[in-house]
Structures are given as structure tokens and as C-alpha cells.
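Asker: Have a look at this prediction, sequence included:
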Amino acid sequence: MKRILSLLLVLLLQYPATGGPPAPRVKPGADVLLEKRLDILRGKRIGLITNRSGRVSSGDHLLDALLARHVDVTALFGPEHGILGSEPAGAAVPDAVDGKTGIPVFSLYGRVRKPSLSMLSNVDLLLFDIQDVGARFCTYLSTLGLCMEAAAEKGIPFVVLDRPNPLGGMLTDGPVIPDSLRSFVGMFPVPVIYGLTIGELAAMANAEGWLAGGVRADLTVIPMEGWTRTMLWRDTGLPWISPSPNIRRAETALVYPATCYMEATNISEGRGTENPFHFIGAPFIDGRELAGVLSSRGLPGLQVRDVRFTPASSKFKGVDCSGVSMEFTMSDSLRPVRIGVDILCVLKRMYPDSLAVSRRGLARLLGDPEAFDLITGGTGAAFIAGRWDPACRTYRERASAYFMYPLH
């Protein structure tokens, strides 16, 4: 009986008034918009750039919440993976019509990637609400930049609804990408891990003249409430809604900047498995041996074990692979990008005749034009990563001018 009473007391303390789970500690910009800033949308035809991650605290999609409040949403715009976030990586997405509302859905990952004037003919304001993952090569950043350019060119306001960076706001790592390597997986001159929220990044890109032709959008960022720079996703109290098919849990955002480079190799990055980006492997790898070597490296934050897997799609579909499974523990010394380069260096040393690396693919993802030659030439990861540090520090100092949230 005492145990039952103790349990009831714990539950009452945990759920004191509502009878349900505690409210999230962080209120995303979408919720702030609905509660306090709807006036900026009144009387305007709204173009909404979003995907499945654009949810409000009620669980409703922002589109439904806006329509319920009689906001005139006249166009939808979907990034890579489509408005539903279900299309495979790299797959062209066609235009469509939303079956529930009849609103046209324009794809920004098909024949065009930037809203055209005809797409914006019935739009007075562009509203952006997509959960980012904190890594430069996520194409949502390029979609953000191109949509800001389109808004500036048409002379209409652009509003970003801010959301948490799942990597927090303290970590930066990786090379600042040079102009020569700019692409749709690297539009802005930032490190791989850039340490800003999507709203802060939009403000920085706008003020620093990073948009094409130096145009500047009429930008408004609706900030979150309750977020601080030291928060990881688990600290926000928010549910993780996968923004793309292979970033299925918040922890993957931390591993992604280390293992995405496998896309530039003949090694599986775990697509088509239950743990994409956490698994890496190939038929020619000895997972136990690789796990032992990586563990012996003493890389801060890396937890690694051997694993076997058979991808259901992508590289080595239906083929048994051996490799490793990785998780990271956040700390001040964690450097996911450095770990990713270390893994490539180890793989090149262990499997020199089997590992294939695309020079162009690696350069575009990592943002370092010399990395291929250094890795394939046997240079150590510490030296390679040390070359990035001065530019990364300079970037961090510059980016701090755009911080919208406190440290704690």
C-alpha cells in the first residue's frame, strides 16, 4: 500500500495540474506566431514553406492551425523529401495539389529549386517553418536561402518561425566552405556544424550579404521562448518529428555530421536499415576489427560497436554488410566532423584497395578541397582538422553577433 501511495505522489508531483505530461520547456516560433503574432499575416496571402516537421504544440500541422484561424494560405512549398517528408534523398519531387485543402503545392526539389514569380503570383508573404538538423549539408538551408532571395526579388516579406537546433547553440566544427565549393549541399560560408538556429542563420545570411546579388530580404524571425544555447533536443521537452526519412531520431542529428561523408564513398551509411547514419559498413569490412581500431583511437564522445546489417535499399541493397554502429555523447570536447574524417583515414589505412572515395563528392560535403588528397595520402585526421580551426573560430566570433538566445 505504501508503494502505491508513493507512486501516486510521484505522479501528482510530475503532473500537478493538467493530469498529463508536463508542457515542453521550449515553445517554437510557430506556437509564438499563433499566440502573439498573427497580426503580421492578417490581410495577406501566405505562401507556406514547410514539411511534416512544421507542427505546433497541439500536434496539428501549422497549415491546419493557420486555416483554423482564417489565415489565407494560398500556396505551399515543399523542400527535398517533399511536403510530407517521405521522398528518398535526391529524388525529384513533382508539383501537386493538397488533397485536403486544394492548395497548390510547389516543389522546390524538382525542376526548380527557387520559387518563380509565377509561383508567387498569389502570394504576399512567405512563411518558413522547417525543422533543421544543424548540419550545413542539409539542403533545407539552401531552400531557406533561395526562398529569401525570391522574396527579396519580389519585394514581399519573409518570415522564419524559429525552431531548436538539435545540436544546441554552442558546438561548431568543420571547415568553412570556400566559394569554389558552394552548391545545394553548401550554400552559405559556414562550418559543417554552424551552431545557430535556423532563424539566426537566416538573419546572418541576410545581413552578411550571402544571398545572390547581395539582395536582402524583408526578414522577420519569430523567436522561440524558453530555448537556451546549451540545450540539446532532449532538454526542450518537444517530440522529435523526423524532418527527413533518414533522420528518425534527434540523436541522429549528432551522428549525421560524422557519417554523411560515406555518401561520397562505396561504404553504406546505413540507408535502408533501422539506423541510418548510425550504421556504416560494407561487404569487405571486418566490423569487429574496425570497432576495435576506432575504440583505440580515444575519440571523445564516440561509442562504437561492431554490427552486421543488410540494407533494404540504397548501397548494397540485399547484401550482408559488416561494420560499426555509432552513438555520440555530447561534451565540450566532442568534434563530430573530426571523428568523420578520422573514420575515413582509418578506413583508407585498413582497406586501401577496397575503399573508393569520390574527390568531388567529399569536397562538396566536407567543404575542404584538399581533404581527398590528404586522406588518400595518409595524412592524419588531427592535422587535417587542425587546418580548419582558425577559420572556424573567426566564423564563431562573427556569428555571435546574431545570437538571439542566452547561454543558460
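Answerer: It's in. Numbering: from 1, shown residues only.
Asker: Mind telling me what element residue 76 is part of?
Answerer: strand 73-78 (DSSP states H and E).
Asker: Contacts for that strand next, please.
Answerer: For strand 73-78, contacts defined as C-beta atoms under 8 Å, 6 or more residues apart in numbering pick out 45-51, 63, 66-67, 83-84, 93, 98, 101, 103-109, 115, 119-120, 122-123, 126, 147. All C-beta spots, glycine's among them, are computed from the backbone N, C-alpha and C.
Asker: Which PyMOL command selects the buried ones in those residues?
Answerer: In PyMOL, a selection of the buried entries from the contacts of strand 73-78 looks like this (16 or more other C-beta atoms under 10 Å):
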select buried, resi 45+46+47+48+49+50+51+63+66+67+83+93+103+104+105+106+107+108+109+115+119+120+123+126+147
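Asker: which ones among the contacts of strand 73-78 are found in strands?
Answerer: 46, 47, 48, 49, 50, 104, 105, 106, 107, 126 (DSSP state E).
Asker: Tell me the gap between the strand holding residue 76 and the middle of its chain.
Answerer: Averaged C-alpha coordinates place strand 73-78 at 21 Å from its chain's average position (C-alpha atoms, centre = their mean, to the nearest Å).
Asker: what does stretch 135-154 give?
Answerer: With C-alpha atoms, centre = their mean as the basis, the mean position of stretch 135-154 lies at 14 Å from the chain mean.
Asker: can you pull out the helices in the chain?
Answerer: For the chain, the helices defined by DSSP state H cover 2-14, 29-32, 62-68, 140-154, 198-207, 233-236, 252-259, 287-296, 336-350, 359-366, 371-376, 381-386, 389-399.
Asker: Of those, which shows the lowest average pLDDT?
Answerer: Among the helices of the chain, helix 2-14 has the lowest mean pLDDT, at a mean of 39.
Asker: Which segments of this protein make up each domain?
Answerer: Here the domain parsing of the chain from automatic domain parsing is 29-243+397-402, 252-388.
Asker: The first one spans what distance, first to last residue?
Answerer: Put plainly, it is domain 29-243+397-402. 17 Å (C-alpha to C-alpha, to the nearest Å).
Asker: so where is the protein shaky, pLDDT-wise?
Answerer: Where the chain drops to pLDDT under 70, the residues are 1-22.
Asker: ok, now with 90
Answerer: Within the chain, the segments meeting pLDDT under 90 span 1-24, 84-86, 88-90, 331-332.
Asker: Residue 58 contacts residue 68, correct?
Answerer: No. Look at residue 58 against residue 68 with C-beta atoms under 8 Å: they stay out of range, at 10.0 Å.
Asker: hang on, the earlier thing: relative to residue 177, which of the helices of the chain is closest?
Answerer: With C-beta to C-beta as the measure, helix 359-366 is the member of the helices of the chain nearest residue 177 (8.4 Å).
Asker: now that closest one and helix 252-259, what's the angle there?
Answerer: 140 degrees (axes from the mean of the first three to the mean of the last three C-alpha atoms, to 10 degrees).
Asker: Give me the contact list for helix 359-366.
Answerer: 137, 174-175, 181, 183, 185-186, 192, 260-261, 263-265, 337, 340-341, 344, 369, 371-372, 375.
Asker: how about a cut-off of 7 Å?
Answerer: 137, 175, 181, 183, 185-186, 192, 260-261, 263-264, 369, 371-372 (C-beta atoms under 7 Å, 6 or more residues apart in numbering).
Asker: Surely residue 145 touches residue 187?
Answerer: Yes. The criterion here is C-beta atoms under 7 Å, and residue 145 meets it with residue 187 at 5.0 Å.
Asker: Now for the closest residue to residue 204 other than its chain neighbours: which residues touch it?
Answerer: Of all residues not flanking residue 204 in the chain, residue 402 sits nearest, at 4.4 Å (C-beta to C-beta, 6 or more residues apart in numbering). By C-beta under 7 Å, 6+ apart, residue 402 lies in contact with 196, 200, 203, 204.
Asker: follow-up on the earlier one: could you look over the helices of the chain and pick the most buried one?
Answerer: helix 252-259 (a mean of 27; mean count of other C-beta atoms under 10 Å).
Asker: packing partners for that helix?
Answerer: Secondary-structure packing of helix 252-259 (3 or more C-beta pairs under 7 Å, 6 or more residues apart in numbering; DSSP states H and E): strand 321-328, helix 336-350.
Asker: Okay, now the sheet partners of the shortest one, with direction.
Answerer: Taking DSSP bridges as the criterion, strand 321-328 sits next to strand 279-282 (antiparallel), strand 302-309 (antiparallel) in its sheet.
Asker: gap between the spatially closest residue to residue 110 that is not a sequence neighbour and residue 85?
Answerer: Using C-beta to C-beta, 6+ apart and skipping residues adjacent in sequence, the residue nearest residue 110 is residue 92, 4.6 Å away. Distance, residue 92 to residue 85, by C-beta to C-beta, to the nearest Å: 15 Å.
Asker: who has more neighbours, these two?
Answerer: Per other C-beta atoms under 10 Å, whichever of residue 92 and residue 85 has more neighbours is residue 85, with 22 against 11.
Asker: residues touching the more buried one, list them.
Answerer: Residue 85 touches 51, 52, 53, 242, 243, 244, counting by C-beta under 7 Å, 6+ apart.
Asker: quick one on the thing from earlier: Serialize the domains of the chain to JSON lines and add fields for distance to residue 408.
Answerer: What follows is the domains of the chain, written out as JSON lines (distance: least, C-beta to C-beta, whole Å):
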{"stretch": "domain 29-243+397-402", "distance to residue 408": "5"}
{"stretch": "domain 252-388", "distance to residue 408": "15"}
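Asker: Correct me if wrong: residue 135 contacts residue 257.
Answerer: Yes. If you go by C-beta under 7 Å, residue 135 and residue 257 touch, sitting 4.7 Å apart.
Asker: list the residues that contact both of the two?
Answerer: By C-beta under 7 Å, 6+ apart, the residues touching both residue 135 and residue 257 are 192, 193.
Asker: Which residue, other than its chain neighbours, is closest to the spatially most central residue of the chain?
Answerer: The residue lying closest to the centre of the chain (C-alpha atoms, centre = their mean) is residue 133, at 2.0 Å. Nearest in space to residue 133, with sequence neighbours left out and distances taken as C-beta to C-beta, 6+ apart, is residue 253 at 4.4 Å.
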